[in-house]
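Chemist: Got a predicted structure here, sequence first:
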Amino acid sequence: MFNPEYLPEVLLHRDKQLDSIAVNLRPAIKGGAPMHTVCVGPPATGKTSCVRIILNKLQDFDVKSVYIRCPIYRTEYNIVSRIYEVSCGRLAPQKGVPIPSMLSEISNSLEDPIVVVLDDINFLDIATADSLLYNFCKIHEEFAIKLGLICISTEVKFVGTLEMAGAVFHPDEIYFPLYDENEIRDILQWRVERGFYPGAMSNDAFDRIVELTAKHGDLRFGLYILKMAGISAERRASRKVEVEDVENVYKGGLKVFVAKSISALNSDERIRTKERF
Ligand SMILES: Nc1ncnc2c1ncn2[C@@H]1O[C@H](COP(=O)(O)OP(=O)(O)OP(=O)(O)O)[C@@H](O)[C@H]1O
Ligand SMILES: [Mg+2]
């Protein structure tokens, strides 16, 4: 419930973004090519979660999907290999096979449209992203593959920095703003209601968590404090999370949390995050 990988079944305050993604994928449900989409916004604004929810819903239709975390895959070859595996149902050939040969095999195997999610695409170096997006934009006319991209990025300038792909890649951009204090309150309340026993979180402690989360502008930080404050109360053998638990976690955990999240960011974001904390 409080782990970063947990996918809540309800994403509060993201109806607009969820609808926009769904509309862009609608052509695929009718057998056509989905529209390219870019989801952009600061960390912990629900980009990955929204897209994962939509991908789960796509399973009911004849649409293939592949989710790729760019920091792990890194190169065009690795990314195309992953798409090959999902499309062809077998391991990709060893390095050395040219990418166009892999694409024509994908085209032969694939009857359905395919949605390719490139999460954290800002981790790719710009030349790789440029070439990849250019080739994927041409994939329909050259290989008859009905492929729609969903690129997820924390870098707002991302599309503007493309050179070769800039001329052909015209995605629908969906913006994910930071949650304001009221939205943070709703989202954390939803988790408290499901993750804690009734009455196990004092109102003061909850208010303080909301305040700290809004101050740092990072919902992930709020989820982290919720979880750790619960553990702190347990350690005191208390049935209720009090403000002192929140303060203890905040004092002790902020540095750990920030160090952990900073190590997961790219260099631009690291500088910005350090400025914030
Ligand atoms: N609207 C929401 N309702 C409930 N939980 C949310 C919501 N938005 C985000 N979360 C939770 O916050 C955490 C961060 O969300 P997510 O990973 O989707 O953000 P992100 O925008 O992809 O962040 P990053 O850019 O750092 O990858 C997750 O644990 C997710 O469950
Ligand atoms: Mg994400």
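Modeler: Ah, there it is. Ligands and ions are numbered 1, 2, ... in the order given.
Chemist: ok now stretch 155-164, how far from the chain's centre?
Modeler: Computed by CA atoms, centre = their mean, to the nearest Å, the chain-centroid distance of stretch 155-164 equals 18 Å.
Chemist: Pull out the buried residues from that stretch.
Modeler: 155, 158-159, 162 (16 or more other CB atoms under 10 Å). Heads up, the C-betas are built off the backbone N, CA and C, glycines and all.
Chemist: Present the residues you listed as JSON lines; the columns should include pLDDT.
Modeler: Shown next, in JSON lines, are the buried residues of stretch 155-164 (pLDDT from 0 to 100):
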{"residue": "Glu155", "pLDDT": "84"}
{"residue": "Phe158", "pLDDT": "78"}
{"residue": "Val159", "pLDDT": "82"}
{"residue": "Leu162", "pLDDT": "88"}
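Chemist: Which member of those is positioned nearest ligand 1?
Modeler: For the buried residues of stretch 155-164, the minimum distance to ligand 1 (CB to the nearest ligand atom) is 9.9 Å, reached by Glu155.
Chemist: Where does the closest one sit, in terms of helix or strand?
Modeler: For Glu155, there is no enclosing helix or strand under DSSP states H and E.
Chemist: among the buried residues of stretch 155-164, which are in reach of ligand 1?
Modeler: Counting by CB under 6 Å from any ligand atom, nothing from the buried residues of stretch 155-164 sits close to ligand 1.
Chemist: For the stretch 101-250 of the chain, which residues are neighbours of ligand 1?
Modeler: 154, 176, 187, 219-220, 223.
Chemist: Just the residues you listed: which are in helices?
Modeler: Judged by DSSP state H, helices contain the following of these: 187, 219-220, 223.
Chemist: quick one: which two of those residues are the most distant?
Modeler: Ile187 and Arg220 (11.1 Å; CB to CB).
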